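J.: Pasting a predicted model and its sequence here:
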Amino acid sequence: MSIVSIRNVSKDYMLGKTVVPALRGVSLEIEKGEFLSLAGPSGSGKTTLLNLVGCVDTPTAGTVVVDGRDTSRLSERALTELRLRTIGFIFQSFNLVQVLSVFQNVEFPLLLQGGLGRRERRDRVLALLDAVGIGSHARHRPSELSGGQRQRVAVARALVTRPALVLADEPTANLDSKTGANLIDLMKEMNRRDGTTFVFSTHDPKVMSHASAIVRIADGQLVGREAVGGDAAAAEGR
């Protein structure tokens, strides 16, 4: 069963008076429980596609259906609820709240959701901070962290609500190889244990090697989809 259905989607941006197509007629089905990698050069449309699925942008044409809901038909409030309760988003630019501590940044989505007591929130946040290797920095502000540390906080924040769908824009781009591998292992464990669907954009062959499938994008168009079965090296050589 699809958790995301993208049907003939196009996205244009205006650069002055010039129309710049970012996506052109893309159709893609993402099944529940997939660990999917979007691969393609910079400017190919990977981030635009993630933004459309994550309901932070809208298509110029076509439909994006997330968890059975056509996003173009939802009110702003309904879109906010969908993002909050269904989607975790790891942004390339982190998007952390500078005036909040690391702990508070990760706890924030749980406060918005409601339903968990203070101790439950605390235990879940601290466990996840430890899992991503940033537990000792819980009281720090984002400005006091390195880029790699902020990336880990962003990952923890995206995972803390245990969303059905996690979208990750270059999740290992700011990390050393060991930390990046640990984070991918954490996400694979969520994928296996909870059936969480993960969609990555990445240039990193090591991230691709964990994917269940690789979707290749070039010049705003989907140019291929390869089932990987955990071995992207073979797929890369085709």
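T.: That came through fine.
J.: residue boundaries of the helices in this protein?
T.: Using DSSP state H, the helices of the chain run over residues 46-53, 76-86, 102-113, 118-131, 147-159, 177-194, 205-208, 232-236.
J.: Format those helices as TSV; extra columns: mean neighbour count.
T.: Any C-beta I mention is one placed from the backbone N, CA and C, and that applies to glycine too. Shown next, in TSV, are the helices of the chain (neighbours: other Cβ atoms under 10 Å):
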stretch	mean neighbour count
helix 46-53	23
helix 76-86	14
helix 102-113	19
helix 118-131	15
helix 147-159	23
helix 177-194	16
helix 205-208	18
helix 232-236	16
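J.: Between those helices, which has the poorest mean confidence score?
T.: For the helices of the chain, mean pLDDT drops lowest on helix 232-236, to a mean of 39.
J.: pLDDT wise, what is the residue nearest to residue 99 when sequence neighbours are not counted at?
T.: With sequence-adjacent residues excluded and distances taken as Cβ to Cβ, 6 or more residues apart in numbering, residue 99 is closest to residue 141, at 7.5 Å. Note on residue 141: pLDDT of 96.
J.: Got phi/psi on residue 141?
T.: Torsion angles at residue 141 (phi, psi; degrees, to the nearest 10) stand at phi -90, psi 160.
J.: quick revisit: now the helices of the chain as TSV including distance to residue 92?
T.: Formatted as TSV, the helices of the chain follow (distance: least, Cβ to Cβ, whole Å):
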stretch	distance to residue 92
helix 46-53	7
helix 76-86	17
helix 102-113	16
helix 118-131	20
helix 147-159	9
helix 177-194	14
helix 205-208	14
helix 232-236	21
